[in-house]
Structure formats: C-alpha cells, structure tokens
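Colleague: build me a model from this:
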Amino acid sequence: MRRAISGGLHLFKRKTSLNIKIVEYNKGNGIMSKEKKFVCEKNDELELDITDLGSTGEGIGKIDGYTLFVKDALIGDKVRVKVIKTKKNYGYARLLEIIKPSEFRVEPECPVARQCGGCQLQHCSYEKQLSWKEEKVANCLRRIGGVPVYTEEEYKKIAAGRSDGSKSVENTLNGTPIIMESILRMEKPVHYRNKAQFPVGYDKDGNLVAGFYAGRTHSIIPQTDCLIQHECNKQIVETVLEFMKKYKVTAYDEKKNKGIVRHILTRVGKTTGEVMVCLVINAKKLPHSEEFVEMIRNCGINLEIKSITVNINREKTNVILGEKIETLYGHSYIEDYR
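Modeller: Predicted coordinates:
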C-alpha cells in the first residue's frame, strides 16, 4: 500500500479472486478505477474447469484469461489444483482433487498409468481420444496450412447450426470445405507396438528394476507388463532380470557411469512372429553371454527368437544406442512384411 501525504494520488491494491483491482483518485477529480490481470503465484490452490487438452494430453483450464496446464486432468473435469510454475501468460499446476469428473473419464487399465511417462490419455475414453486427435489434425491444417479441413462431426454441427436457409454451408465456411474421414479405430487398443525399450537400474532400496521413465525424469517406474507393448516382452524382460541376478551382472548407473546393462530393446515381427532381443551395455562384452543366450531362447514365449545382440554404448550420455553391435545368436536383424 502506498499513500501520498496530502491532496495527491492515493494508490492501494486489493486482491479479489485472481484480479488485482487498482483504484486511483485525485482530490476533487472523482474516482477512476481499472482492473489488471493477476498472474497466479506458485503454491496457490485453485478450482479450475478443464476446457481443452494440450498437444501432449495435459488438461487446459483458464482463470480470467490466464492459462494453466494440468497433467492428468481431462476436458470436462472440474478440479482443484496447486500451481507449481508460472510464466507471463501461462503456468503449470498439479492435480490435487477431481471435484467433478468428466463424462469422458475412465479408470486406466494400467496400474502405473499416472506415474509412467509413456501413456498420457489412459484415463480418457477411446472414443474421445479419437475425436480429440481428429480435431487436432484438422485445426493444424486450417491454422497452419490454410486448408479448409473439417472433421465429419465439425461439419455436421456447422450445417445444423445455420439459421438462414439461403446461406450455403460453403459460404458459411468461406470456401468449399474438405471433409476429413474418421480415424480407423482398433478393435482393442492394447499390445499393438512392435518395438520396446526398457531402461534398467535400481530402485531406492537397491532392488534391480526395469520399466519406463516417469515423465520428465530418469526415475524408473518398474513395469514389465506394458499394455501397449507386445505380450512377449514381459517374459523377455523378466528373464533378463533373472539372468542379471543369477550371474551378478550389474545395471548401469548413469550418474556414476558404472555398471553394465543400460537398456533392454525388443522388436517383434507382427506377421512373421520373429523376435529380436538386444541388450545395450556399458562394456566391451557381456559377461556370461552364452548363458544369456540360452536363457533368452528358453524364456517361454510362443514366438521364435531369431536375433540376440548386444549394443555397446560406453559413452556418458542419455542417448540409448552406441555405434557397435555384436550378434550373440542368429542374425543381426529380423524380417517382417504387411
């Protein structure tokens, strides 16, 4: 608060909701007032309506024009959030509570969906995921490419919303529209990826783990049974961990640049059923490599192991693959076709 001593400008601030109301007045000249947008501060707790989704699936809400991005929030949610980072025109917040869930919200099938950085929309129904992706593609083509593209749903809404029957849809859209066909959906959107990479390390208690990195970190979320990867990966990854424990082969520590196994990579031929297993290692060779080959070949999957290799990466880097590959069994490649 600042006050002039006599007869001049009085200025004071009063925080109302997310606005700062600035009131100015001069003696004898009446009162003038204006409102200035208030940029919310770190650690503020707010209630927010989520009205859109960002490019990576985060919820978007606005308070008095100020945009907040909220991980795990979904369009249609009413949520309570805590602000964790602010910038001039937007900020980031952490989801604290879902006050009223969206009609599109579903229970994620994966038990670590929220911690893992791999799947951003498991809490969203598959139908809504498809329509959101269609809208994003159409918006990019219109906004960036200047192409009058509309999804089937968007076109129907525009056509149905005309109040003047003499005005054509083409004139309403300022040109002949291009109707984008709907996305071809899967019968069940699980286990469809033919390539996987699992970082290997230790948890805080020193237990050997493999899984996926938590979002924007290098902390490994233990998970060998990923819903979007091929089912055979579970047996392969667990066999690798069993081999490492049995023969005391260490996991790589990226902070100390010590240890051997960095990543487990797999590829599966969808049509041929051929499988490739590759260990990325921080060593010239893999200890007990013959035993490793034997364990992988007999890991119990119903597909044919055609390639077992090691990739040598001894650099202190977060780049996964090195330049040298050695074949331990079979070929250095697998075959597939459509």
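Colleague: how about the closest residue to K195 other than its chain neighbours, phi and psi?
Modeller: Leaving aside its chain neighbours, K195 sits nearest to R267 (5.2 Å; criterion: Cβ to Cβ, 6 or more residues apart in numbering). The way it works is simple: take the backbone N, C-alpha and C, and place the C-beta from them, glycine included. Torsion angles at R267 (phi, psi; degrees, to the nearest 10) stand at phi -140, psi 140.
Colleague: contacts only, for R267.
Modeller: Residues in contact with R267 (Cβ atoms under 8 Å, 6 or more residues apart in numbering) are 194-195, 275-276, 334.
Colleague: could you list the domains of the protein?
Modeller: Taking automatic domain parsing as the reference, the chain has its domains at 2-37, 40-124, 134-180, 195-330.
Colleague: bridging residues for the residue nearest to K195?
Modeller: K195, M276 (DSSP bridges).
Colleague: distance of it relative to A196?
Modeller: Distance of R267 to A196, given as Cβ to Cβ, to the nearest Å: 8 Å.
Colleague: average pLDDT across stretch 157-175?
Modeller: Taken as a whole, stretch 157-175 has a mean pLDDT of 57.
Colleague: what of stretch 292-305?
Modeller: If you average the pLDDT over stretch 292-305, you get 97.
Colleague: do the same with stretch 207-218
Modeller: In this model, stretch 207-218 carries a mean pLDDT of 92.
Colleague: try stretch 50-70
Modeller: 94.
Colleague: check the gap between C299 and F69 for me.
Modeller: From C299 to F69 the distance is 42 Å (Cβ to Cβ).
Colleague: just send the domains of the chain back as JSON lines, with distance to P189 too.
Modeller: Below are these laid out as JSON lines (distance: least, Cβ to Cβ, whole Å):
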{"stretch": "domain 2-37", "distance to P189": "39"}
{"stretch": "domain 40-124", "distance to P189": "10"}
{"stretch": "domain 134-180", "distance to P189": "15"}
{"stretch": "domain 195-330", "distance to P189": "8"}
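Colleague: E242: helix or strand, and which one exactly?
Modeller: Per DSSP states H and E, E242 falls inside helix 232-246.
Colleague: Y192 contacts M186, correct?
Modeller: Yes: using Cβ atoms under 8 Å, Y192 is in contact with M186, at 6.7 Å.
Colleague: and the strands in the stretch 101-250 of the chain?
Modeller: 149-151, 178-180, 195-202, 208-213, 220-222 (DSSP state E, counting those that start in this stretch).
Colleague: need these in CSV (columns: distance to C140 and mean neighbour count).
Modeller: CSV is the format used below for the strands of the stretch 101-250 of the chain (distance: least, Cβ to Cβ, whole Å; neighbours: other Cβ atoms under 10 Å):
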stretch, distance to C140, mean neighbour count
strand 149-151, 9, 21
strand 178-180, 11, 15
strand 195-202, 26, 19
strand 208-213, 28, 20
strand 220-222, 31, 18
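Colleague: out of the ones you listed, nearest to D253?
Modeller: Closest approach to D253 among the strands of the stretch 101-250 of the chain (Cβ to Cβ): strand 195-202, 7.2 Å.
Colleague: what's the closest one packed up against?
Modeller: strand 208-213, strand 220-222, helix 232-246, strand 261-268 (3 or more Cβ pairs under 8 Å, 6 or more residues apart in numbering; DSSP states H and E).
Colleague: want to throw the ones you listed into TSV with distance to K128?
Modeller: Below are the helices and strands packed on strand 195-202 laid out as TSV (distance: least, Cβ to Cβ, whole Å):
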stretch	distance to K128
strand 208-213	24
strand 220-222	25
helix 232-246	28
strand 261-268	29
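Colleague: with respect to Y150, which of the ones you listed lies nearest?
Modeller: Evaluated over the helices and strands packed on strand 195-202, closeness to Y150 peaks at strand 208-213, with 36.5 Å, by Cβ to Cβ.
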